[in-house]
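Chemist: This is a predicted model, with the sequence first.
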There are 2 protein chains.
Amino acid sequence: MGRKKITIKDVARESGLALSTVSNALAGKALVRPETRSHVVAVAQKLGYRASIAARTLRSQRSYAIGVLIEDVANPSASAFVRGVEDVVNRAGCTLLLANTDGDLERQVAAMNTLLDRDVDGLVLISQHLADARIREILGGDVPAVLVQRCDPDLDLDYVGGDNSDGILEALRYVHGLGHRRIGFLTGPRVSSSARERLEAFRRGVDELGLEDAESLTYEGRYSLEAGMEAAGFFSGMRRPPTCILASNDMSAIGLIQGLGERGLDVPKDISVVGLDDIELARIKAIDLTTIRLEKRNIGAEAAALLLRRIDTPEAPAARVIVPTKLIVRGTTAPVVSS
Amino acid sequence: MGRKKITIKDVARESGLALSTVSNALAGKALVRPETRSHVVAVAQKLGYRASIAARTLRSQRSYAIGVLIEDVANPSASAFVRGVEDVVNRAGCTLLLANTDGDLERQVAAMNTLLDRDVDGLVLISQHLADARIREILGGDVPAVLVQRCDPDLDLDYVGGDNSDGILEALRYVHGLGHRRIGFLTGPRVSSSARERLEAFRRGVDELGLEDAESLTYEGRYSLEAGMEAAGFFSGMRRPPTCILASNDMSAIGLIQGLGERGLDVPKDISVVGLDDIELARIKAIDLTTIRLEKRNIGAEAAALLLRRIDTPEAPAARVIVPTKLIVRGTTAPVVSS
DNA sequence: TTGTAGGCGTTATCAA
DNA sequence: TTGATAACGCCTACAA
């Protein structure tokens, strides 16, 4: 068990070569003779040499680490996203630094600064606070960054998100085909650009299909079980409740179904519900949720790929990747019954 | 927008003080006059000075980063755990480096080495491969490490885990009280020490309560929805199926219930089922799972606290923290019906 | 209390 | 092709 640290210096001494030669050999540079290189590698191996990433970072200003900022990994769709990011950056030899913000601005600013202090090569973030001056300043600096799910027209950055319009529109057409004309929408927080886009798509769809007034049938919730349950109160309390509700994510859809049930409304007999995400449990019989599938892990992978590309070619024009969605029809939607 | 890097040197020049004074002031050392310090801080602020963590790490051999090794963050109980770790280490000014291994030995070894190359101050790991020589060598080295959920008697390291015996025993007594005498056990993979402990507790409980043969009523699964569904085939295919089954986690319990349902067996009317974890969805009406609550986020927090302590006092004797469990009775358990 | 000098382990530049 | 030497930015004796 080697106690003290073996440095490149030790390898140089042991192999009888110069420091710089060893460094070049280990880095796989073309200018060292193959035999020299293999000798160096052998010695390094024998000595149990391990490169110090801190030293490398200091010298080369490249940390081979990328920072991921999200609200909360404990949220299933966030964790799938993180996983997707890790898959890709790892393959590129990068380590992932994780920061949870709980949506709090101060924590996000602090986390971003810490990440910058660590010389991360890039940042991937799902951020609510794109309008904040401090965040804009960081993002306006020269650290490569890609925005996920939430973007901002003033920020000329790479972006990856789900196809918000398409999914909503597809779902809307589907339930329209089922005979629904009075359709509710449980939207996400207004600060989320994805939520805004979906709301926009919902309104467009309502117009296009000639459905009833979208405005009064919209309820703003957060992306949580509780929010869904609250929304159930709102919708069921209406003079004429909608016959179908589109929710902004699966958790709130499930909460909504639960809340509706507590108020004596059966899904899908009385009201149809559509979720968004397609979390693992959506497919079990007890839940059996009709939902708009959005592969968060893919989004993470796309975001990571975009970031790596940007790190390589910083001057490339900002890209915008839209990950497609797909309607998965299960048991929470049914033809409307005329009462 | 400051382009080039501001170093401590710039702050020194600008404030007319010496490098070391600035360093000390910024580090909050007692030996600089308060007024000097505030002046330094002001100048640093004005210049937009940001400390280089890489440089600090190189110099001080302390990275203020800790590595977390898990199989897959996308797994809900893993992500809750990671969140718990982050909460605590973050408060201590540390950044979290995340590595997913998917349970693969090679990836785990590679990830651990990378983390070590980054001079992490410590490691938290949920590892299946504690018996592997390379892993033992790393763990036997001098990087502070805490083991989670899986431990190994030969490794003298800090450990945090759920109270495996207690939870199982409590559940067993509860269903025994409901009249169940023939109880199945859906265990986790044999490589997991937690799974082994739970199996052990199950057998002890079966003995203690004078229940039917534990051996033939045990099925080894993985911790997944699919594994639960497979187990349903095993249990329902028995000549005399159990009247109650304890599962090793909620996901497999839910899969089990689903699989049982597909085979015409109703839970809890025909068979009772108990899970373990208490994931967020366990409480919704559609699932309503009786389960042994194990707070993964707490486990993460405890692990992080232990690690921080160990980093401070490396020579302290290895600690063993057992996080208590609690039986949450819901709708998947019912009194046995004599047929 | 403040200033000076050296080194942490690499990589990069330039000679040889 | 290989070798010497200077950074990278910070911390910490030690000297003043």
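Modeler: In hand now; what should we look at?
Chemist: Closest approach to DNA strand C from the stretch 101-250 of chain A, which residue is it?
Modeler: Of all residues in the stretch 101-250 of chain A, the one sitting closest to DNA strand C is A:D119 (12.6 Å; C-beta to the nearest atom of the strand). For the C-beta atoms, the positions are set from N, CA and C on the backbone; glycine is no exception.
Chemist: For that residue, what are phi and psi?
Modeler: Dihedral angles phi and psi of A:D119 (degrees, to the nearest 10) take the values phi 60, psi 40.
Chemist: Isn't it up against B:A54?
Modeler: Yes. With contacts counted by C-beta atoms under 8 Å, A:D119 reaches B:A54, the gap being 5.6 Å.
Chemist: joint contacts of these two?
Modeler: A:57, A:63 (C-beta atoms under 8 Å, 6 or more residues apart in numbering or on different chains).
Chemist: more neighbours, these two?
Modeler: B:A54 (25 against 22; other C-beta atoms under 10 Å in any protein chain shown).
Chemist: give the contact list for the closest residue to A:R83 other than its chain neighbours.
Modeler: The shortest distance from A:R83 to any residue other than its chain neighbours is 4.3 Å, reached at B:A74 (C-beta to C-beta, 6 or more residues apart in numbering or on different chains). If you count contacts by C-beta under 8 Å, 6+ apart, B:A74 has them with A:76, A:79-80, A:82-83, A:297.
Chemist: hmm, 6 Å instead?
Modeler: Residues near B:A74 by C-beta atoms under 6 Å, 6 or more residues apart in numbering or on different chains: A:79-80, A:83.
Chemist: So which of the residues you listed belong to helices?
Modeler: Using DSSP state H, A:79-80, A:83 are the members of these that sit in helices.
Chemist: PyMOL command for the buried members of these?
Modeler: The following PyMOL command selects only the buried members of those, with burial defined by 16 or more other C-beta atoms under 10 Å in any protein chain shown:
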select buried, chain A and resi 79+80+83
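Chemist: Let's have the ones in helices among the contacts of B:A74 in JSON lines, adding pLDDT.
Modeler: Rendered in JSON lines, the data for those read as follows (pLDDT from 0 to 100):
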{"residue": "A:S79", "pLDDT": "94"}
{"residue": "A:A80", "pLDDT": "94"}
{"residue": "A:R83", "pLDDT": "98"}
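Chemist: can you pull the buried residues of stretch A:259-267?
Modeler: Taking 16+ other C-beta under 10 Å as the neighbour-count basis, stretch A:259-267 is seen to contain the buried residues A:259-261, A:265, A:267.
Chemist: Also near DNA strand C: which of the ones in helices among the contacts of B:A74, exactly?
Modeler: Judged by C-beta under 7 Å from any atom of the strand, the overlap between those and the neighbourhood of DNA strand C is nil.
Chemist: and of the ones in helices among the contacts of B:A74, the nearest to B:L105?
Modeler: Sorting those by how near they are to B:L105, with C-beta to C-beta, puts A:R83 at the top with 19.3 Å.
Chemist: quick one: low-confidence ranges for the stretch 1-150 of chain A?
Modeler: Residue ranges of the stretch 1-150 of chain A with pLDDT under 70: A:1-4.
Chemist: Am I right that A:L96 is in a strand?
Modeler: Yes. Counting by DSSP: H, G, I helix; E, B strand; the rest coil, one finds A:L96 located in a strand.
Chemist: what's across from it in the sheet?
Modeler: In this entry, A:L96 is beta-bridged to A:I66, B:L98, by DSSP bridges.
Chemist: How about the contacts made by it?
Modeler: When the contact criterion is C-beta under 6 Å, 6+ apart, the partners of A:L96 are A:68, A:86, A:89, B:98.
Chemist: distance of it from DNA strand C?
Modeler: Using C-beta to the nearest atom of the strand, to the nearest Å, we find A:L96 at a distance of 21 Å from DNA strand C.
Chemist: just the helices in chain A please.
Modeler: Taking DSSP H to define them, one finds helices in chain A at A:8-15, A:19-27, A:34-47, A:53-60, A:76-91, A:105-117, A:133-140, A:164-177, A:193-209, A:225-236, A:250-262, A:296-312.
Chemist: Would the first one count as contacting chain B?
Modeler: No. Residues of helix A:8-15 contacting chain B under C-beta under 6 Å from any C-beta of the partner chain: none, with a closest distance of 12.9 Å.
Chemist: what does chain A have sitting close to chain B?
Modeler: Within chain A, the positions near chain B by C-beta under 6 Å from any C-beta are A:50, A:53-55, A:57-58, A:73-74, A:76, A:79-80, A:82-83, A:86, A:95-98, A:100, A:117-119, A:258, A:281, A:284-287.
Chemist: Of those, select the buried ones using a ChimeraX command.
Modeler: Burial among those is assessed by 16+ other C-beta under 10 Å; the matching ChimeraX selection reads:
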select /A:53,54,55,57,58,73,74,76,79,80,82,83,86,95,96,97,98,100,117,118,119,258,281,284,286,287
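Chemist: before we move on, back to that, I'd like to know which of the contacts of B:A74 is nearest to B:H39.
Modeler: For the contacts of B:A74, the closest approach to B:H39 (C-beta to C-beta) belongs to A:S79, at 45.5 Å.
Chemist: State whether that closest one and B:V73 are indeed in contact, as I suppose.
Modeler: Yes. In this structure, A:S79 sits in contact with B:V73. The criterion is C-beta atoms under 6 Å, and the distance is 4.7 Å.
Chemist: What parts of the stretch 1-150 of chain A come near DNA strand C?
Modeler: With the criterion set to C-beta under 7 Å from any atom of the strand, the stretch 1-150 of chain A comes near DNA strand C through A:5, A:7-9, A:19-20, A:23, A:26-27, A:49-52, A:55-56, A:58-60.
Chemist: Give me the pLDDT value at the closest residue to A:D270 other than its chain neighbours.
Modeler: Residue nearest to A:D270 in three dimensions, not counting chain neighbours: A:L260, with 7.6 Å by C-beta to C-beta, 6+ apart. Predicted confidence (pLDDT) for A:L260: 98.
Chemist: mind giving me the domain ranges of chain A?
Modeler: Segmentation of chain A into domains, based on automatic domain parsing, reads A:8-51, A:62-161+A:295-322, A:164-294.
Chemist: Throw the ones you listed into CSV and include distance to B:A133, thanks.
Modeler: Putting those into CSV (distance: least, C-beta to C-beta, whole Å) gives the following:
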stretch, distance to B:A133
domain A:8-51, 15
domain A:62-161+A:295-322, 24
domain A:164-294, 35
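Chemist: Can you check which of these gets nearest to B:E230?
Modeler: Of all these, it is domain A:164-294 that lies closest to B:E230, at 14.6 Å by C-beta to C-beta.
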